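Undergrad: Fold the following for me, if possible:
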Amino acid sequence: MEITVAFIVCFLLLIYSSIKGIFVGYTLIIGLLIFIALACKKGFKFIDVIHMAYAGGKKSFIVLEIFILIGAVTSTWMASGTVPAIVYYGMRFLNPNIFVVYVFLITALVSFLLGTSFGTVGTVGVAFMAMARGGNVNLSLTAGAVLAGAYFGDRCSPMSSSANLVANITMTDLYMNIKNMFKSSIIPFIIAFFIYLAFSFKFPLNVQESDISAEILGSFNISVITLVPAIIILAFCIFKINVKISILVSIIAACIISMVLEHNSISQVIRYIIEGYSIEDNDILGSIIKGGGVLSMLKSALVVFVSSAFTGIFEGTKMLTNLEEIINKSKGRVGCFFTTVIVSIITAAFGCSQALSVILTHMLMKKNYEENNIDKDQLALDIENSAIIIAPLIPWNIAVLVPLTTLDAGADAIIYAFYLYLIPIISIVYFKLNSMKKTAIQNTI
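TA: Below you'll find the predicted structure:
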């Protein structure tokens, strides 16, 4: 009963912080203190509970290193003209008659390169929304396409913090996970493509001259060279080179390009790496090409660390044993994935954070997968196909609250994020058909 009350209190606090725009990390810390107090009340020594929390949080250190690199690479890509070049070329080859599907494809590509949904939304997403407003295209539809595309890369990019988080907690190979994710996303992606294509014909863009493209050309030296940092990431991904090395080499290349082509000083580049990139003398680009930096990732790092600390307490005190016993009753590939989806919905709704949802879902489901002899690679894939993409479908979860706020769009945009809910649906159908096929074969023997 006490655990239930604690969860309800934490849930209400998280909802309140989401509505009021309060950083969710502060609320998670309060929630962590509540569960520390509860553990002490159950007879555990305070110092032991602190050790449990730290042991859980310590597991996130590898991911936190990636966070620092992602913050640095985002700002250096902006300073070098890489992000502006992606935005420029993306808008240059735009076909107004297929605007909506184009939005989905370009945001998917950019999110794969950047590895961040928030960064993608804040760059090409904002630009596309500005075009949609001026071109009389349904704004909720456009925002939904941006959201779907943004979480394509957030799910399967080697630079994605969430993809690295899943690989870390499941102790699986990142590139093997990416390979599996691409396979499982083919059908959902194709279906989403044709849905957005149909909407594109219904809502074509009324073409107008884009001030954004002109401003980019006026402020950056756009060329193929500015795309080199992005090409490095793609090439290193193909050859399965360690993601930390990939990002580090990309950062170095971006720094060199920033100083040579964009004439930024060493001190400016260092400041961008730490504080993030900004343009002070351009109102149009200043609202789009901005952000990144190591400091910008500290809040996200805190959320992941505290979320991991929760699992340390839950595992050390066995608080969720009864819940795990109920969950562990699911059998077979279909049952395990379906239960994972349900758990993901609950944890995403209660946790209000993608990271917390991922960590709790893994903690609650890993024993079930072991008992059903399902390997870690499949567990990692199922978390990617549930917790990662379900979080942005919960209106009050920061995974979607921040992007929609950035796009100045309503929660109804979630309805149009077709790709996100097609992934778990298609996965369940696939597992069910595969199970029926195996049963039919066994019956004929």
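Undergrad: ok, and the residue sitting nearest the centre point of the chain, which helix or strand is that part of?
TA: Per Cα atoms, centre = their mean, the C-alpha nearest to the average position across the chain is that of Asp154, at 3.6 Å. Assigned by DSSP states H and E, Asp154 belongs to helix 139-156.
Undergrad: mean confidence for that helix?
TA: The average pLDDT for helix 139-156 rounds to 95.
Undergrad: what do you get for stretch 368-382?
TA: 93.
Undergrad: again, but for stretch 38-46
TA: With pLDDT averaged residue by residue, stretch 38-46 scores 91.
Undergrad: So which residues make contact with that stretch?
TA: Identification of contacts with stretch 38-46 by Cβ atoms under 8 Å, 6 or more residues apart in numbering yields 2-3, 6, 36, 49, 52, 313, 316-317, 319. C-beta: built from backbone N, CA, C; applies to glycine.
Undergrad: list the buried ones in it?
TA: 38-39, 44 (16 or more other Cβ atoms under 10 Å).
Undergrad: mind listing the helices for the stretch 151-300 of the chain?
TA: Per DSSP state H, counting those that start in this stretch, the stretch 151-300 of the chain carries helices over the ranges 161-170, 174-202, 211-219, 228-238, 243-260, 266-275, 283-286, 298-317.
Undergrad: what about this structure, any weak spots by pLDDT?
TA: Residue ranges of the chain with pLDDT under 70: 1, 134, 207-210, 445.
Undergrad: these two touch, right, Cys255 and Ser80?
TA: Yes - shown here, Cys255 and Ser80 form a contact pair, counting by Cβ atoms under 8 Å, at 7.4 Å.
Undergrad: Counting neighbours, go ahead and name the busier of the two.
TA: With neighbours defined as other Cβ atoms under 10 Å, Cys255 and Ser80 compare such that Ser80 has more, 34 against 21.
Undergrad: The more buried one contacts Ile252, correct?
TA: No - Ser80 lies out of contact with Ile252 (Cβ under 8 Å); the separation is 10.7 Å.
Undergrad: thinking again about what came up before, reformat the helices of the stretch 151-300 of the chain as CSV; add distance to Ser140.
TA: Converted to CSV, the helices of the stretch 151-300 of the chain look like this (distance: least, Cβ to Cβ, whole Å):
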stretch, distance to Ser140
helix 161-170, 25
helix 174-202, 11
helix 211-219, 22
helix 228-238, 30
helix 243-260, 34
helix 266-275, 34
helix 283-286, 24
helix 298-317, 27
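Undergrad: Among those helices, which comes closest to Leu94?
TA: helix 211-219 (9.6 Å; Cβ to Cβ).
Undergrad: So the protein: which segments form each domain?
TA: 1-43, 61-297 (the TED database).
Undergrad: highest average neighbour count across those?
TA: domain 61-297 (a mean of 21; mean count of other Cβ atoms under 10 Å).
Undergrad: for the stretch 1-150 of the chain, what spans make up the strands?
TA: Per DSSP state E, counting those that start in this stretch, the stretch 1-150 of the chain carries no strands over any range.
Undergrad: contacting residues around the residue lying closest to Asn164 once chain neighbours are set aside?
TA: Once flanking residues are discounted, Asn164 sits nearest to Ile66: 4.7 Å by Cβ to Cβ, 6 or more residues apart in numbering. Ile66 makes contacts with 161, 164, 243-244, 247, as judged by Cβ under 8 Å, 6+ apart.
Undergrad: again, only using 7 Å
TA: Ile66 makes contact with 161, 164, 243-244, according to Cβ atoms under 7 Å, 6 or more residues apart in numbering.
Undergrad: what's the answer for Ile36, then?
TA: Contacts of Ile36 by Cβ under 7 Å, 6+ apart are 49, 53, 313.
Undergrad: Would you mind confirming that the last one makes contact with Leu33?
TA: It stands for Ile313. No - contact between Ile313 and Leu33 fails when scored by Cβ atoms under 7 Å: they sit 10.7 Å apart.
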